[in-house]
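Novice: okay, sequence plus prediction incoming.
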2 protein chains.
Amino acid sequence: MPVGTQATVKGVMQRDLAGELDAKIILANTYHLFLRPGHELIRGLGGLHRFMSWPRAILTDSGGFQVFSLSDLRKITDDGVLFRSHLNGDAHLFTPESTVDVQFALGSDIMMPLDECIEYPASHEAAHQAMRRTVAWARSAYHHYQRHIEESASDTALFPIVQGSMYRDLRRECACQLVELNAPGYAVGGVSVGEPRSLSLEMTEATVEFLPRHRPRYVMGVGMPEELPEYVARGVDMMDCVLPSRNARNGYLFTSEGPVVIKQARYRDDASPVDPNCSCYTCVTYSRAYLRHLYQAGEILFSSLATLHNLRYYLDIMRQIRQAIVQGTFRTYLHGVRNRALE
Amino acid sequence: MPVGTQATVKGVMQRDLAGELDAKIILANTYHLFLRPGHELIRGLGGLHRFMSWPRAILTDSGGFQVFSLSDLRKITDDGVLFRSHLNGDAHLFTPESTVDVQFALGSDIMMPLDECIEYPASHEAAHQAMRRTVAWARSAYHHYQRHIEESASDTALFPIVQGSMYRDLRRECACQLVELNAPGYAVGGVSVGEPRSLSLEMTEATVEFLPRHRPRYVMGVGMPEELPEYVARGVDMMDCVLPSRNARNGYLFTSEGPVVIKQARYRDDASPVDPNCSCYTCVTYSRAYLRHLYQAGEILFSSLATLHNLRYYLDIMRQIRQAIVQGTFRTYLHGVRNRALE
C-alpha cells in the first residue's frame, strides 16, 4: 500500500495512482488528518475518499504510532494517550473509542485500533505491559466499532494489531486473545521499529501462525523490495511502507538491477532509463541524466517522477508475486529472489 | 510560453505540458542550463529536446537577463559580460558569439542574442549606451548565427531584442537598426523591469510599430491575464511569463472569477473547484478545500496541481484570443475583457 500520510501520496496525482500505478488501496494517517485539516472537516466534505478524490480503498492507521513518534508530552494511561500536537502544541486525548470515531468520520475502508507500539529493544516486562494494554484497547475499540457498524450498516473493517515486541510468548498470547474478537482481518505491529530485519521476519512468522488463514494479514511498516516475497511466504497479504516514496524523494531509486543513487556522477551523462525493465512513465520517457539534473537542481518534478517509479517498482513486485501464486510457481519465484540477493 | 527555466516547467510532467495544457512552445534559460548541467552535456545527449523529452518547440533566452539579475561581480565591456556563477562562484564570459554557440548546443528552435537589459528607472544617457551595445551585440550574434545556419542547414531562428528603456526615441532607433538585419522575428525586451504596467504597454506599442508585421513579435516577461489581449491588440504574437507558475506555487490561483488565494480561511471547507469554468485536471478533480489542505500541509502535489491550473488558464486565454481573431471578433473580445476589469 502506497503511503498517503496527509491525504496525498507525496508528489503523485490520484490519476496516476489509479492509472499508471493501479494501486488498489492506499494508507492515510489518522493522527495527521485529525490534526490537519481535521476529521470533522473531512466528514463534512463527504469523507476522505471524496475529499482527496480517491474512489478506491483507504486504510487508516489509528494514529497511535505517530503519537508515540511525533508528538510531545504524551501521557499514557489505561484510558488512552494524552499528547500535544507537533504542529501547534494543542493538547489532545486519543482513546480506543475516539480513534474509531475519527476513522468513521474519515470513512476508512479498513481502520486500525489504538495500540501501544513499544520501542526496540524493550524488556519482557515492559513489552508485556504494552501488549496487555494493546489487547484491552483493541477490545474496547472493537466493541465500539461493532456497535457503530450495526447501527449504520457500514461495511468498514477493523483489524486488531498484534504487539509483543520481540518475545514469541507475548506475540502468541496477544494473537490468541485478539483472535477471539473474530475480526475481519489482523495486523502485525511493532516490527520495523529498529530491530534487525531478520528479527522482523521471525516475529512476523511467530505471530502469523496464530492468525486465521482465511482473513487478511497485514504487516505494518515493511519492507525492502527483496523482503516482500519473504513476508508473503510467511502468510502475509498486505504491507505498507514509506520506503519507496521517501527514498524516491531522497534520490534513491529501486531497480531490477539494484539501487540507483541518482546523485552519483556516473549518471551525469547516462542516457539510459532508471530501470530498463520498467515500463512506468518515468522509465519510458526520461534518462538517468535528466533525472540527475532535476535532482541536483532541486526541481520538484524529480520527486514526482522518482516516486512514480519506485511505487511502480514495488507494486510490480506484488503483481509478480500474485501471478506466481495463481500459477503455482511462488516457491520458484521466491528461490529466484533469494539467489539474486546472494549474488 | 510556459517557463521551464532549468529544462523543466516546475512541477509539470512533459506529458501534461503536451496533453493537458497543449503548450506548443516553452521557454528555457540559457544561463541556468549553461551552468548546470552544462550545454556540452546536453549536446552530447542529443540536445535539449531529447534531454528533457520535449519534442515541441523551445525558445531559449540569451542568458543576459539572468547574468544581470542573478550573478555576482559582473563586468560589462563591449566584448561581452564577465560574471560569476550564482551556484559556485566560477567566473564565466558571455559574448554575443558564445551565447549563440551555447544555444546551438542546446538545439533551441528560437534563440535570443545577448542584450543589455537596463534597470528601471534609467537616464536617457545610460539607456542610450545600453541600447547601442545591444544593437552591436545583436549584429555580432546575428552574423555568427547566419554563418552557422548556412554551414549546418539548421532552421533555428534568432530574434533580435529591442531595448531602449522607457524612451520612445531609443525604442524607435533600436528597432529600425535591428530591422536591417532582416531577422525571422523580433523581441521587445526591457519591459516588466519594475515600471508601471501602463508604461510597459506604451513602450511595447512604441516599439512594435517599427517591427515587420509579417514576422513574429515577442514581448519578454509579461504579463497578467487581463494584459494578454492588450499586448495582442498592439500586435504582439508571443509572450512568456513566470507569473502563472510562480504564483501557483505561492498559492495564488488565477480564475475566471478573479484570484483565489488558497490559504484564506474562506476556502477551508469549500467543495467547489478552483475555477468552475475551467476543465483542467485540477478543476475537474479536486476541491478548493483539498487544495488548501495540500498548501497548508506543504505538500508538493499542491505545486503540481496549482501550476497545471494556472498554466491552463493562461493558455486558454491565448486560445480564446486566437479564436476571436480567426472569427473576426477580437475587438469585441477585448472590450469585454476591459469592461470586466472595470467592474
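Specialist: Great, that's in hand. Residues are numbered from 1 along each chain as shown, chains lettered A, B, ... in the order given.
Novice: before we move on, what SS does the residue in the stretch 51-200 of chain A that chain B sits nearest to have?
Specialist: Closest residue of the stretch 51-200 of chain A to chain B, C-beta to the nearest C-beta: residue A:53 (5.0 Å). Heads up, the C-betas are built off the backbone N, CA and C, glycines and all. Following DSSP: H, G, I helix; E, B strand; the rest coil, the label given to residue A:53 is coil.
Novice: need the pLDDT of residue A:73.
Specialist: Looking at residue A:73, its pLDDT is 65.
Novice: what of residue A:245?
Specialist: pLDDT at residue A:245 comes out at 98.
Novice: wait, it sits on residue A:2?
Specialist: Yes. Using C-beta atoms under 8 Å, residue A:245 makes contact with residue A:2 at a distance of 6.6 Å.
Novice: anything in contact with each of the two?
Specialist: Listed as contacting both residue A:245 and residue A:2 by C-beta atoms under 8 Å, 6 or more residues apart in numbering or on different chains are A:9, A:12, A:311.
Novice: closest one of the residues you listed to residue A:230?
Specialist: The closest of those to residue A:230 turns out to be residue A:311 (C-beta to C-beta; 19.9 Å).
Novice: hang on, the earlier thing: how about the residue of the stretch 51-200 of chain A closest to chain B, what does it touch?
Specialist: Contacts for residue A:53 (C-beta under 8 Å, 6+ apart) come out as A:14, B:285-286, B:290.
Novice: just the buried residues from the residues you listed, in PyMOL please.
Specialist: Per 16 or more other C-beta atoms under 10 Å in any protein chain shown, the buried members of the contacts of residue A:53 correspond to this PyMOL selection:
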select buried, (chain A and resi 14) or (chain B and resi 286+290)
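Novice: how about the helices in the stretch 101-250 of chain A?
Specialist: A:124-152, A:168-179, A:197-208, A:228-233, A:243-249 (DSSP state H, counting those that start in this stretch).
Novice: any chance of the ones you listed in a markdown table, with distance to residue B:270 too?
Specialist: Formatted as a markdown table, the helices of the stretch 101-250 of chain A follow (distance: least, C-beta to C-beta, whole Å):
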| stretch | distance to residue B:270 |
| --- | --- |
| helix A:124-152 | 27 |
| helix A:168-179 | 42 |
| helix A:197-208 | 44 |
| helix A:228-233 | 41 |
| helix A:243-249 | 28 |
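Novice: nearest to residue A:110, of those?
Specialist: Nearest to residue A:110 among the helices of the stretch 101-250 of chain A is helix A:124-152 (11.3 Å), distances taken as C-beta to C-beta.
Novice: could you list the buried residues of the closest one?
Specialist: In helix A:124-152, counting by 16+ other C-beta under 10 Å, buried: A:127-128, A:130-135, A:137-142, A:144-145, A:148.
Novice: could you verify my assumption that residue A:186 touches residue A:162?
Specialist: Yes. Using C-beta under 8 Å, residue A:186 is in contact with residue A:162, at 6.5 Å.
Novice: so what sits against both of these two?
Specialist: Shared contacts of residue A:186 and residue A:162, defined by C-beta under 8 Å, 6+ apart, comprise A:175, A:178, A:211.
Novice: returning to what we had before: need the helices of the stretch 101-250 of chain A in TSV with distance to chain B, can you?
Specialist: Converted to TSV, the helices of the stretch 101-250 of chain A look like this (distance: least, C-beta to the nearest C-beta, whole Å):
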stretch	distance to chain B
helix A:124-152	23
helix A:168-179	34
helix A:197-208	30
helix A:228-233	26
helix A:243-249	9
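Novice: near chain B, which residues of chain A? Just list them.
Specialist: Contact residues, chain A versus chain B (C-beta under 8 Å from any C-beta of the partner chain): A:6-8, A:10-15, A:36-37, A:41, A:44-46, A:51-53, A:268-269, A:271, A:281, A:285-287, A:289-290, A:292-294, A:296-297, A:299-301, A:303-305.
Novice: for the nearest residue to residue A:178 once chain neighbours are set aside, what are its contacts?
Specialist: In space, and not counting its chain neighbours, residue A:178 is closest to residue A:160: 4.3 Å by C-beta to C-beta, 6 or more residues apart in numbering or on different chains. Residue A:160 sits next to A:113, A:138, A:141-142, A:178, A:181, A:183, A:186-187 when contact means C-beta under 8 Å, 6+ apart.
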